[in-house]
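Engineer: From the sequence below, what's the structure:
(chains A and B)
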Amino acid sequence: MDTDTELPSIIAGDADAFGRWLASAERPVRESLRSFAVVVDAEAVLQEALLRVWQVAPRFQPDGRPNGLLRLAVRIARNLAVSEVRRRRVTPAEPAQLEAALAEAEQAPRPPDPMLRDALRECREQLPAKPRQALDARLAGAGGADDPDLAASLGMRLNTFLQNFTRARQMLAECLRRRGVLLDVELGA
Amino acid sequence: MTPEEEAEEELLVEQVASAHRVPTPAFGDLAYHPAWHDLRPAARERAFERGLALRVAEAALDPDGLSTTARAVLARIRR
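Structural biologist: Numbers count the residues shown, from 1 in each chain, chains lettered A, B, ... in the order given. Okay, the predicted model is just below:
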């Protein structure tokens, strides 16, 4: 799977094409930040790195190998994390771990799992009302609304909202397990 | 930690694992989640792994295969 199929449209400034690239590229870039997770807010680094990829994409020169923009994104994210580690004067992760993460992230992204998609949709339908509301509010918020605002929109206190969201997450994980789908241990933790 | 403190920390982990970050006005400034600073190292690792699992689930539930992180980035691009 080569994520560079969207490259000409991205270079031309097509945000929809960048969205399609993000659908494949986000996970490997995020995973490349695992070794920094204790010393930087990886979500903040990831979002800033993806914005910078969009900004530099018009000047990107492909090297003929697949997943060129993804490899650039991993390097931008890593450099941003390293800069942040230096700025905060915290102990960085081992360089060997960083190199391993970079090499792993440069592999071709895994395509979306249709079995996971179908199972998740069915499991979501089975959620009780309050946990379902909390989950749907997070999805509808699309990362643009904070939890206090989402809670207020549902008439819940923040802690109640978070407890309902936790229940939704754990129930989804349990439902997936019953169907033989293992997403990640942290979804059910 | 007491059970109450552990429960409180779990709620912080749940917030940090979300994709919401307040965009910063200055280029290059990172938008940390305020609760991230209050987490112990092990809780920061949990927040990372939970965020990863949630983004995969969100993308699987989204008609365009986009997580809330991807939606947030695209919203800033289109602003």
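
Engineer: What's the first helix or strand after the helix or strand hosting A:Ser24?
Structural biologist: Using DSSP states H and E, A:Ser24 sits within helix A:15-31. Per DSSP H and E, the first helix or strand lying C-terminal to helix A:15-31 is helix A:42-56.

Engineer: Residue ranges in chain B under the pLDDT threshold?
Structural biologist: B:25-28 (pLDDT under 70).

Engineer: start to end distance for stretch A:60-76?
Structural biologist: 13 Å (CA to CA, to the nearest Å).

Engineer: Distance from the chain centre to that stretch, please.
Structural biologist: 19 Å (CA atoms, centre = their mean, to the nearest Å).

Engineer: Next: stretch B:16-32.
Structural biologist: 10 Å.

Engineer: show me what contacts A:Gln126?
Structural biologist: A:Met171, A:Cys175 (CB atoms under 8 Å, 6 or more residues apart in numbering or on different chains). Any C-beta I mention is one placed from the backbone N, CA and C, and that applies to glycine too.

Engineer: no, scratch that, I was asking about A:Pro128
Structural biologist: A:Arg167, A:Met171.

Engineer: Tell me which stretches of chain A form helices.
Structural biologist: For chain A, the helices defined by DSSP state H occupy A:7-11, A:15-31, A:42-56, A:68-88, A:95-105, A:114-125, A:129-141, A:147-153, A:158-178.

Engineer: Comparing the ones you listed by mean pLDDT, which bottoms out?
Structural biologist: Note on those: helix A:95-105 shows the lowest mean pLDDT, a mean of 62.

Engineer: Quick one: residues contacting the residue nearest to B:Arg78 when sequence neighbours are not counted.
Structural biologist: Leaving out its chain neighbours, the residue that sits closest to B:Arg78 by CB to CB, 6 or more residues apart in numbering or on different chains is A:Ala15, at 5.7 Å. The neighbourhood of A:Ala15, defined by CB under 8 Å, 6+ apart, consists of A:Trp54, B:Leu74, B:Ile77, B:Arg78.

Engineer: between these, which is closest to B:Val16?
Structural biologist: Of all the contacts of A:Ala15, B:Leu74 has the smallest distance to B:Val16: 21.7 Å, by CB to CB.

Engineer: what angle separates the helix or strand hosting that closest one from helix A:42-56?
Structural biologist: Using DSSP H and E, B:Leu74 sits within helix B:68-78. Angle of helix B:68-78 versus helix A:42-56, following axes from the mean of the first three to the mean of the last three CA atoms, to 10 degrees, is 40 degrees.

Engineer: From the chain's centroid, how far away is helix B:68-78?
Structural biologist: That offset, for helix B:68-78, works out to 14 Å (CA atoms, centre = their mean).

Engineer: ok, back up a step: out of the helices of chain A, which is closest to B:Ala53?
Structural biologist: helix A:158-178 (8.2 Å).

Engineer: Need the phi and psi values for the residue of chain A found nearest chain B.
Structural biologist: The minimum distance from chain A to chain B, using CB to the nearest CB, falls at A:Gly143 (3.0 Å). When read as degrees, to the nearest 10, the backbone of A:Gly143 gives phi 70, psi 0.

Engineer: What number of residues are in the vicinity of it?
Structural biologist: Using other CB atoms under 10 Å in any protein chain shown, the number of residues around A:Gly143 comes to 25.

Engineer: Quick check: it touching B:His20?
Structural biologist: Yes: with contacts counted by CB atoms under 8 Å, A:Gly143 reaches B:His20, the gap being 5.3 Å.

Engineer: so what sits against both of these two?
Structural biologist: Shared contacts of A:Gly143 and B:His20, counting by CB under 8 Å, 6+ apart, come down to B:Thr68, B:Ala72.
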